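**Q** what follows is a predicted structure for the sequence shown.
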Amino acid sequence: MSESRQRGHRWQPIADLPADWTRWRDSSLPGLLAVWHRRRQELPESAVREFLARLVRRWSIETGILERIYTLDESATQTLVELGFDAAHLSHGDSDLPAGQLIAILEDHRDAAEGLFAFVNHRRDLSTSYIKELHQQLLRHQEFADGVDSMGSPVQVRVRKGDWKQWPNNPGDRRSGQLIHEYCPPEQTASEMDRLLLLHQSHADVPFEIEAAWLHHRFTQIHPFQDGNGRVARALATLVCLRAGSLPLVVERGDKREYIAALEQADRGDLGALIGMFRRQQQEALLRALQLAELREAPSGLAAVLEEARKRLESTADSFRIASGARGRVESLLQIAIRRFETAARDVTAIGAQGIGARMMFANDANSTRYWQQISVAAGALGYDADPIGHRAWIVLHILWGGVGGWSEQRRCDLVVSLHPVRNTSEHVMAAVALLCEQSTMRTGDDDVRNSQLACKAPFTFTDLAEFNDEAARFTAWLESALVMGLDGWRRML
């Protein structure tokens with residue numbers, strides 16, 4: 001990657017996964033994958049192809065922006081994702097590259113990404129020769145890269161496409177001459193890449209998001225090419241995801257700070273942050289994919305309409321069974337949240353400042369509409385549609401403060417956690433989101449919410465497929481992070 005990382009890092013031979021890697025296991029993705037594979041069979045192939053094509057175009061754009069190969073503003077990005085790579089869709093000022101040159105590079109990235117699908121379909125083993133092919137494809141229209149000469153001055157060096165590096169590619173401070181990050185020496189690159197693939201092949205039982213993070217990070221530690229290593233690393237991580245039946249791994253420009261920080265943490269021996277980031281990205285992509293479930297081809301003719309109706313009616317009994325199971329899980333998770341929010345209310349009140357107080361309340365009623373508008377918006381921001389039909393519940397921590405000069409000066413905010421179905425999944429998939437709502441008056445109800453903000457980085461998702469003990473442990477951890485994020489948002493209101 002072109003972005004330098006931890007100052008003063010020294011290279012050492014790559015390490016295998018730690019013996020206790022199972023501590024990173026998580027039950028959220030297997031259930032989502034199973035539901036997606038089931039739903040995918042019901043969709044027209046054209047809808048699936050277009051969804052995947054948009055994901056690939058997004059990947060192709062963002063992977064170059066992360067490396068500062070080009071700039072592209074958000075509106076132009078969205079246009080190219082929706083309509084395809086065509087210079088006619090670009091206006092002057094959309095990018096720092098000429099339109100034709102930009103499109104050529106984007107097409108190289110897209111072709112490389114599409115090649116990953118073909119690689120998976122042909123069940124090829126990952127090899128150094130394929131990694132070199134991938135590098136050559138990604139950099140097909142890139143002739144030069146930034147470098148430094150023997151005096152430390154910046155120069156443009158010709159890119160060696162598909163060949164291991166011949167010279168050290170360690171980033172450093174040009175003014176002080178201090179080394180910032182040391183990668184694998186050129187003379188050990190080939191042997192380290194062979195070792196990387198041997199270790200990768202031994203990880204048959206490792207969950208794909210853990211393996212994607214490990215392979216990505218260890219590859220970047222080697223940094224085997226003179227340039228283009230970040231793009232190849234993200235392609236390899238995507239390859240791992242595709243082999244597991246999941247979706248392309250898209251790291252977007254807005255994720256860059258978290259991404260670099262996670263890589264730095266991995267340099268220090270802890271892959272947890274990078275695994276968590278990759279897991280959240282895959283969760284969001286799968287939730288978006290599940291929103292395609294209503295894009296079925298319309299039946300033609302009365303007989304086809306009635307046959308489709310018969311199939312849906314036959315599935316009613318199964319839907320009731322699923323809904324019953326989901327309701328039971330919502331009830332159990334709600335009890336966890338109630339106990340934790342009761343404790344949090346006491347902790348907030350115990351601060352002892354004048355006028356401060358907190359109380360907990362909850363609603364377990366599918367007909368309740370309180371907070372639903374804000375909950376729907378929060379779900380949309382996290383990449384899916386919350387279903388208003390089906391069993392749902394919410395719990396809220398009311399925080400009151402101020403009011404020194406009387407009731408009219410008292411302020412209130414509500415930390416809300418909602419549990420609800422994900423649309424188009426027949427309650428196979430349930431989700432929870434957390435948001436902080438600032439109230440404009442002391443009244444309760446939707447109409448007095450002044451503004452709201454997310455109090456979670458990702459939704460908590462659960463299915464009818466995983467063991468409940470696993471779900472309860474995950475929910476407890478997710479809820480704790482939501483409390484910290486939400487109460488920190490309240491702190492900033494003071």
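**A** In hand now; what should we look at?
**Q** residue ranges for the helices of the stretch 51-200 of the chain, please.
**A** 74-83, 99-121, 128-138, 186-201 (DSSP state H, counting those that start in this stretch).
**Q** try the stretch 301-450 of the chain
**A** Here the stretch 301-450 of the chain has its helices, by DSSP H, counting those that start in this stretch, at 302-314, 316-349, 372-381.
**Q** in CSV, list the ones you listed along with mean pLDDT, distance to L55 and mean neighbour count.
**A** (Each C-beta comes from the backbone N, C-alpha and C, glycine too.) Formatted as CSV, the helices of the stretch 301-450 of the chain follow (pLDDT from 0 to 100; distance: least, CB to CB, whole Å; neighbours: other CB atoms under 10 Å):
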stretch, mean pLDDT, distance to L55, mean neighbour count
helix 302-314, 69, 28, 10
helix 316-349, 79, 28, 16
helix 372-381, 93, 18, 18
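**Q** with adjacent residues omitted, what lies nearest to the residue nearest the centre of the chain?
**A** Centroid-nearest residue in the chain: Q281, 1.5 Å away (criterion: CA atoms, centre = their mean). Nearest residue to Q281 in three dimensions, chain neighbours excluded: L249, at 6.0 Å (CB to CB, 6 or more residues apart in numbering).
**Q** can you classify the one you found as helix, strand or coil?
**A** Taking DSSP: H, G, I helix; E, B strand; the rest coil as the rule, one finds L249 in the coil state.
**Q** quick one: list the elements packing against the helix or strand harbouring the residue nearest to the centre of the chain.
**A** In this assignment (DSSP states H and E), Q281 forms part of helix 272-290. If you count contacts as 3 or more CB pairs under 8 Å, 6 or more residues apart in numbering; DSSP states H and E, helix 272-290 packs onto helix 28-40, helix 208-222, helix 256-267, strand 429-439.
**Q** any chance of these in a markdown table, plus distance to R57 and mean neighbour count?
**A** A markdown table is the format used below for these (distance: least, CB to CB, whole Å; neighbours: other CB atoms under 10 Å):
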| stretch | distance to R57 | mean neighbour count |
| --- | --- | --- |
| helix 28-40 | 20 | 19 |
| helix 208-222 | 21 | 25 |
| helix 256-267 | 19 | 18 |
| strand 429-439 | 26 | 25 |
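**Q** which one of those lies nearest to A477?
**A** helix 28-40 (11.2 Å; CB to CB).
**Q** ok and the closest one relative to strand 429-439, angle-wise?
**A** 110 degrees (axes from the mean of the first three to the mean of the last three CA atoms, to 10 degrees).
**Q** helix 28-40 to helix 208-222, inter-axis angle?
**A** Using the same axes, to 10 degrees: helix 28-40 against helix 208-222 is 110 degrees.
**Q** domain ranges for this structure, per the record?
**A** Domains of the chain are assigned by automatic domain parsing as 21-292, 315-493.
**Q** pLDDT weak spots in the stretch 51-200 of the chain?
**A** Residues of the stretch 51-200 of the chain meeting the criterion pLDDT under 70: 147-153, 173-179.
**Q** ok so, going back, quick one: which of the helices of the stretch 51-200 of the chain is nearest A434?
**A** Minimum separation from A434 across those (CB to CB) falls at helix 74-83, 26.4 Å.
**Q** hmm, who's touching that closest one?
**A** R54, R57, R58, I61, L72, D86, H89, L90, S91, D94, S95, L106 (CB atoms under 8 Å, 6 or more residues apart in numbering).
**Q** how close does the residue lying closest to the first one once chain neighbours are set aside get to R218?
**A** Taking CB to CB, 6+ apart as the measure, R54 lies nearest to V81, with 5.4 Å between them; neighbours along the chain are not counted. The span separating V81 from R218 equals 31 Å under the rule CB to CB, to the nearest Å.
**Q** circling back: now render the helices of the stretch 301-450 of the chain as TSV, adding distance to P171.
**A** What follows is the helices of the stretch 301-450 of the chain, written out as TSV (distance: least, CB to CB, whole Å):
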stretch	distance to P171
helix 302-314	58
helix 316-349	44
helix 372-381	35
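**Q** and of these, who's closest to Q137?
**A** Here helix 372-381 is closest among the helices of the stretch 301-450 of the chain (CB to CB), at 34.6 Å.
**Q** for that closest one, which helices and strands make contact with it?
**A** So helix 372-381, by 3+ CB pairs under 8 Å, 6+ apart, packs with strand 410-421, strand 429-439, strand 449-454.
**Q** among those, which comes closest to P30?
**A** Among the helices and strands packed on helix 372-381, strand 429-439 comes nearest to P30, with 12.1 Å by CB to CB.
**Q** now the closest one - C-alpha only, CSV.
**A** Extracted C-alpha coordinates of strand 429-439, given in CSV (Å, rounded to 0.1, in the frame of the first residue of the first chain):
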residue,chain,number,x,y,z
VAL,A,429,-33.0,-12.7,9.7
MET,A,430,-33.5,-10.3,12.6
ALA,A,431,-31.5,-7.2,13.4
ALA,A,432,-30.9,-4.8,16.2
VAL,A,433,-29.8,-1.1,15.8
ALA,A,434,-28.9,1.5,18.4
LEU,A,435,-29.5,5.2,18.0
LEU,A,436,-29.4,8.3,20.2
CYS,A,437,-32.4,10.6,19.9
GLU,A,438,-32.2,14.2,21.3
GLN,A,439,-35.6,15.3,22.4
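**Q** and it with helix 372-381, angle?
**A** Using the same axes, to 10 degrees: strand 429-439 against helix 372-381 is 120 degrees.
**Q** list the helices and strands strand 429-439 packs on?
**A** helix 28-40, helix 272-290, helix 316-349, helix 372-381, strand 410-421, strand 449-454, strand 460-463, helix 468-493.
**Q** strand partners of it, parallel vs antiparallel please.
**A** strand 410-421 (antiparallel), strand 449-454 (antiparallel), strand 460-463 (antiparallel) (DSSP bridges).
**Q** of all these, which one is nearest V155?
**A** Set against V155 and scored by CB to CB, those come closest in strand 449-454, at 44.9 Å.
**Q** now that closest one: mean pLDDT?
**A** Averaging pLDDT along strand 449-454 yields 87.
**Q** in it, which residues are buried?
**A** Buried residues in strand 449-454, counted by 16 or more other CB atoms under 10 Å: V449, S452, Q453, L454.
**Q** in TSV: the residues you listed, plus distance to A237.
**A** Listed next are the buried residues of strand 449-454 as TSV, based on distance: CB to CB, whole Å:
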residue	distance to A237
V449	39
S452	33
Q453	30
L454	26
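**Q** closest to R412 out of those?
**A** Nearest to R412 among the buried residues of strand 449-454, with distances taken as CB to CB, is V449, at 10.5 Å.
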